[in-house]
Every structure is written in structure tokens, then in C-alpha cells.
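1. the sequence isn't on hand, but the structure is:
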């Protein structure tokens, strides 16, 4: 049912008759509700917008009518337990499109805590409302330390630091991966370079997806191995480039 709702939103988002956009993009709306107007501005530049997902895809409602009351009929806020964006429901709502990430998250202790009505992170804790990539330097440490701190008897020391280090390694690895891919592509993919880059790209994407399980041991192992391998690939490509100069 949820997947059908999202797919229905995809079709509607591509039509000019989407009244959600027509209303929320109006600058005059800022005076009435600056928070929702800001959400719209975030959406415009988000991967959700470029993928065709509109307001109704995740919030519900009827984007085909102009009347505000009719358009918002059935829309439930984030505090409503049956709402699509209620904190416990976000893994299923987001998982309708991001199935691999949701599957990893549902293996985590965080998900089990959510289901038990305990305080734990959910999708928008790290990704906010519209952002695909978490601003981990701004959010992750503080988010982790909300629970993982000395005042909490169940806290695990160094969680935030270890998670940040793993994500930083993956971020650096992404830079090496991007450069080597561009370089070998410019050289017509000599030898086994395409297979090599495709293989490490798969490992990288699997590691990024695996982060959602919040398994710090695996995060440390995978991020370290990938960064080490990519440094070697990068160095080899860099040496070949220098030889041709």
C-alpha cells in the first residue's frame, strides 16, 4: 500500500497541476508559515524533487485540488502515530524507495529500540527532512551523544567518535574513487581498469548502505579496507599519469 502511494506521487509530481507545489512555492506563503516554505525550498534542490517525488508522496493528501482543507485531508503530522512520517514509521516510508538502507537499519539495535518506544534515531535524525547525505560533522556527534553519554547508564563510550571516523574514511575513499574513475575513463579504460573500478565501487556502495545497520565493528573494518585499497589504486593511476607527462 505504501509503495503504491509513493508511486502514485511520482506520477502526480511530473504534472503541472500539483497544487502542493503551486501553493508552497508562493513567496507570500513565507509570511504565513516560514517553516513549511523553507521545507519547500529544501525539496526543490533535493534528490527527491529530481526523482519526481512530491509533497503528497510522503505526506499524503490530494495534490489535485486547490482548496486547502480538501488538499490536506488525510494528511497526518509527524506526531500522529499513524502518520507516514511518524518517527516509528519512517523506516517503512523511506524504505519504500530505499529498501536496501531500510533493510540494514532494521537489523540495528536502534530500530529495535524504536519499536519498543524507546528513544533512538530514525531516518530524519541523520538525513533531516530532504537531505540525502547526512551532515555528520554537524549532526552525528550530537545525535549520538544524546544517548551515548556518561549520564546514560547504557551508553557505549566513543560511539560518536568511532562512527565519525568510519564515515570520514568513506568520504576520503569517495574522493580517490572519483578521481581514478575519471582518469581511467579519459584513458579509454586500459587493461583491467574498468573491472577494478567497478569492483571497488560495489564495495564502496555496500559499505555506505551497511552504515545504516550501525555496526561499528563492520563500519571500521569495511571503511578501512576500502580506503586502503583505493589509496593503492589511486597511487597506481597517479604514477601512470606522471609517466605520460
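-> Yes, it's here. The shown structure was predicted, so the numbers you read here are calculated from the model rather than taken from an experiment. Numbers count the residues shown, from 1 in each chain.

2. pLDDT below threshold where in the chain?
-> Residues of the chain that meet the criterion pLDDT under 70 lie in 1-17, 129, 131-139, 154-155, 157.

3. so which helix or strand takes in residue 198?
-> Secondary structure from DSSP states H and E places residue 198 in helix 193-210.

4. what residue spans form the domains of this protein?
-> The chain breaks down by automatic domain parsing into domains covering 2-71, 159-244.

5. for residue 97, which of those domains is the nearest?
-> Proximity to residue 97, assessed across the domains of the chain by C-beta to C-beta, is greatest for domain 2-71 (6.3 Å). Backbone N, C-alpha and C define where each C-beta goes, glycine included.

6. ok so, going back, next, the buried residues of the helix holding residue 198.
-> 193, 196-197, 200, 203-204, 207-208, 210 (16 or more other C-beta atoms under 10 Å).

7. for stretch 229-238, same thing?
-> 229-230, 233-234, 237.

8. show residues contacting that stretch.
-> With C-beta atoms under 8 Å, 6 or more residues apart in numbering as the test, stretch 229-238 has contacts from 173, 176-177, 179-180, 183-184, 193, 196-197, 200, 203-204.

9. same question for stretch 174-183.
-> With C-beta under 8 Å, 6+ apart, stretch 174-183 has contacts from 197, 200-201, 204, 227, 230-231, 233-234, 237, 241.

10. quick one on the thing from earlier: nearest to residue 151, out of the domains of the chain?
-> Relative to residue 151, the nearest member of these by C-beta to C-beta is domain 159-244, separated by 14.1 Å.

11. quick check: end-to-end length of that closest one?
-> 46 Å (C-alpha to C-alpha, to the nearest Å).

12. how far is it from where the chain is centred?
-> Relative to the centre of its chain, domain 159-244 is centred 19 Å away, using C-alpha atoms, centre = their mean, to the nearest Å.

13. make 654 the starting number, not 1.
-> With the count now opening at 654, the last piece we talked about shows up as domain 812-897.

14. what number of residues lie near residue 897?
-> 6 (other C-beta atoms under 10 Å).

15. picking up where we left off before, which of the buried residues of helix 846-863 lies closest to residue 714?
-> Nearest to residue 714 among the buried residues of helix 846-863, counting by C-beta to C-beta, is residue 861 at 32.3 Å.

16. can I get the contacts of stretch 882-891 in JSON lines with distance to residue 743?
-> What follows is those, written out as JSON lines (distance: C-beta to C-beta, whole Å):
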{"residue": "826", "distance to residue 743": "28"}
{"residue": "829", "distance to residue 743": "33"}
{"residue": "830", "distance to residue 743": "29"}
{"residue": "832", "distance to residue 743": "35"}
{"residue": "833", "distance to residue 743": "36"}
{"residue": "836", "distance to residue 743": "39"}
{"residue": "837", "distance to residue 743": "39"}
{"residue": "846", "distance to residue 743": "40"}
{"residue": "849", "distance to residue 743": "37"}
{"residue": "850", "distance to residue 743": "34"}
{"residue": "853", "distance to residue 743": "31"}
{"residue": "856", "distance to residue 743": "28"}
{"residue": "857", "distance to residue 743": "25"}
